[in-house]
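Asker: build me a structure from this.
(one chain, ligands or ions: 1)
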Amino acid sequence: MTEETKNRDGFGSKLGVIAAAAGSAIGLGNICRFPCELGENGGAAFLLVYLIVVIFLGIPVMLTELVIGRRSQSNTVGAFKKLAPHSKWPIIGYLGVLSSLLIFASYSVVAGWTLEYIFKAATNSFKGENLAVIEQSFKTFHNTGWLNVLLQAIFIFLTGLVVFKGVQNGIEKYSKILMPMLLVILVVLAIRSITLPGAKEGLSFLFHPDFSKITGDTLIGAMGQGFFSLSLGMGALITYGSYVKKDDNLTSTAFSVMISDTLVAVLAGLVIFPAAFTFGVKPEAGMDLVFSTLPMLFNQMAGGYWFCLIFFILLAIAGLTSTIAMLEVVVAYLSEELHLSRKKATVIASAATLFIGLFASLSLMDHTPLKIDGFAFNDFLDFLTANILLPVGGLLIVIFLGWRLGKTEFFDEVTNGGQRKSPLKHIVFFIIRYLAPLAVAVILIAGLIK
Ligand code: PFF
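Answerer: As a prediction, the model looks like this:
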């Protein structure tokens, strides 16, 4: 072990690893993006395809990233430099750093909105309003460019503060407190929502698949959502994996993260769709589902003021534990490969994010010129990262493990040097080497041709 590796910051406990990795996975992707995608792609049919994707592709890719990270004890670029010296494989790492920056730039726009909604909730501004008024106020808000940019900047700053504190005293400490709180509040909200009059329709939309709705778009959307939601394909879990202790069980970590992430996505669906059907909001209403339908739900609840306030606080927190992971990918790279101090690396990465994010934010205003191919720049970034860059990153990562790093190193890492049984290791390796690359490539190419 080199001096540098010995002195690396890292997670202090197994619970800390799961909280941080689940914190990275669980975020606006589960609570805002998942219901939007599901709403736009036929409801339960999408959920079904999504579940298949996360089980058969999500877990193997996640395990691959954790293995690469822990084996190399390095950031996402350094990992490939160490495991495949003098090769072109580090390109995967650079791609990950780029994806992280782009995702953070677009993600911090919506994350900034959560701050505005905390303020609105705290000042009770939804009280007694009807849906049309709440929708209009959401519209007016995202047309107020300067406010959006300001809130985005604040969110990026908050992320920087945690990342600057380091892995154990920053990322791990906050994730361990915040994630359980999020789960409890979602369960309470789901119980309230499924007792609303429109619950039956909402639940049927979520759980009764209409197979005729499964199209190429469902597949591409589900794969993009799966990669995005599990934070795969951009080196976040390579970076986090590098902070995991040598005697932790990587396979069970991957399972726990996948299960908690999926549970939260389904819970978010259980909160949102019964409410949407009750108030006559279309399932494909996009972000309105969260920023308009939910405030209406709170209006109908006893104690709605508090639920609303706590919900948006937790949404911000879920966003924060995710943006921390995005920023950490870049900061770990800058500090380890370019030898910048953590502080300098955090400032540079945050400033770069804000610069790109500014355009993403302003592109959501009506009549914006910031469009690419008819898409607002922010939506373009979201599509490019989730549906293209992350799957490409994931594809290259599994090819690297399956064909370059190989079985022996993989088995050694998942069994902790032979000390732990791993009954599924042969099957998982088979998936990593053959099935995952094939499936991701086919869906990607089909999507691109379309
Ligand atoms: N998984 C996060 C979410 O669902 O909100 C988004 C995300 C976090 C993507 C961290 C990528 C990442 F590295």
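
Asker: just the strands in the protein please.
Answerer: 371-372, 375-376 (DSSP state E).

Asker: who does the last one pair up with?
Answerer: Paired strands of strand 375-376, with direction, are strand 371-372 (antiparallel) (DSSP bridges).

Asker: out of the strands of the chain, which gets the lowest mean score?
Answerer: Lowest mean pLDDT within the strands of the chain: strand 371-372, a mean of 88.

Asker: for the ligand, what are the nearby residues on the stretch 251-400 of the chain?
Answerer: 322, 325, 326 (CB under 6 Å from any ligand atom). Backbone N, C-alpha and C define where each C-beta goes, glycine included.

Asker: hmm, back to that, tell me which of the strands of the chain is the most buried.
Answerer: strand 375-376 (a mean of 17; mean count of other CB atoms under 10 Å).

Asker: for it, which outside residues touch it?
Answerer: By CB atoms under 8 Å, 6 or more residues apart in numbering, the residues outside strand 375-376 that reach it are 363, 364, 368, 370, 383.

Asker: ok, which pair from the residues you listed is furthest apart?
Answerer: Using CB to CB, these span at most 16.5 Å, a distance reached by 368 and 383.

Asker: pLDDT wise, what is residue 151 at?
Answerer: Here, the pLDDT recorded for residue 151 equals 98.

Asker: the residue in the stretch 351-450 of the chain positioned nearest to the ligand: neighbour count?
Answerer: Closest to the ligand within the stretch 351-450 of the chain is residue 390: 7.6 Å, counting by CB to the nearest ligand atom. Neighbour count for residue 390, taken as other CB atoms under 10 Å: 27.

Asker: so who does it touch?
Answerer: So residue 390 contacts 99, 224, 227, 228, 232, 233, 234 (CB under 8 Å, 6+ apart).

Asker: just checking: which of the residues you listed also lie near the ligand?
Answerer: With CB under 6 Å from any ligand atom as the criterion, those include 228, 234 near the ligand.

Asker: just the contacts of strand 375-376 now: which is nearest residue 417?
Answerer: When the contacts of strand 375-376 are compared against residue 417 (criterion: CB to CB), the nearest one is residue 383, at 41.9 Å.

Asker: still on that earlier bit, among the contacts of strand 375-376, name the buried ones.
Answerer: Among these, those scoring as buried are 363, 364, 370, 383 (criterion: 16 or more other CB atoms under 10 Å).

Asker: could I get these as JSON lines with pLDDT?
Answerer: What follows is the buried ones among the contacts of strand 375-376, written out as JSON lines (pLDDT from 0 to 100):
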{"residue": "363", "pLDDT": "96"}
{"residue": "364", "pLDDT": "93"}
{"residue": "370", "pLDDT": "90"}
{"residue": "383", "pLDDT": "89"}
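
Asker: in CSV: the strands of the chain, plus distance to residue 140.
Answerer: Shown next, in CSV, are these (distance: least, CB to CB, whole Å):
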stretch, distance to residue 140
strand 371-372, 21
strand 375-376, 17
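
Asker: closest to residue 49 out of these?
Answerer: Closest approach to residue 49 among the strands of the chain (CB to CB): strand 375-376, 23.4 Å.

Asker: hang on, residue 68 packs against residue 400?
Answerer: Yes: with contact defined as CB atoms under 8 Å, residue 68 reaches residue 400; the gap is 7.3 Å.

Asker: which of these two has more neighbours?
Answerer: residue 68 (29 against 20).

Asker: okay, that one: pLDDT?
Answerer: Looking at residue 68, its pLDDT reads 98.

Asker: quick one: residue 304 and the ligand, what's the gap?
Answerer: 25 Å (CB to the nearest ligand atom, to the nearest Å).

Asker: let me see the confidence value for that residue.
Answerer: Confidence at residue 304, expressed as pLDDT, is 87.

Asker: give me every residue that touches it.
Answerer: Contact analysis of residue 304 by CB under 8 Å, 6+ apart lists 297, 298.

Asker: count of neighbours near residue 136?
Answerer: By the criterion of other CB under 10 Å, residue 136 has 12 neighbours.

Asker: can you tell me which residues contact residue 251?
Answerer: 63, 414, 422, 424, 428.

Asker: just checking, the last one touches residue 60?
Answerer: Yes: using CB under 8 Å, residue 428 and residue 60 qualify as a contacting pair, with a distance of 5.6 Å.

Asker: of those two, who's got more company?
Answerer: The residue with more neighbours, out of residue 428 and residue 60 and counting by other CB under 10 Å, is residue 60; that gives 25 against 21.
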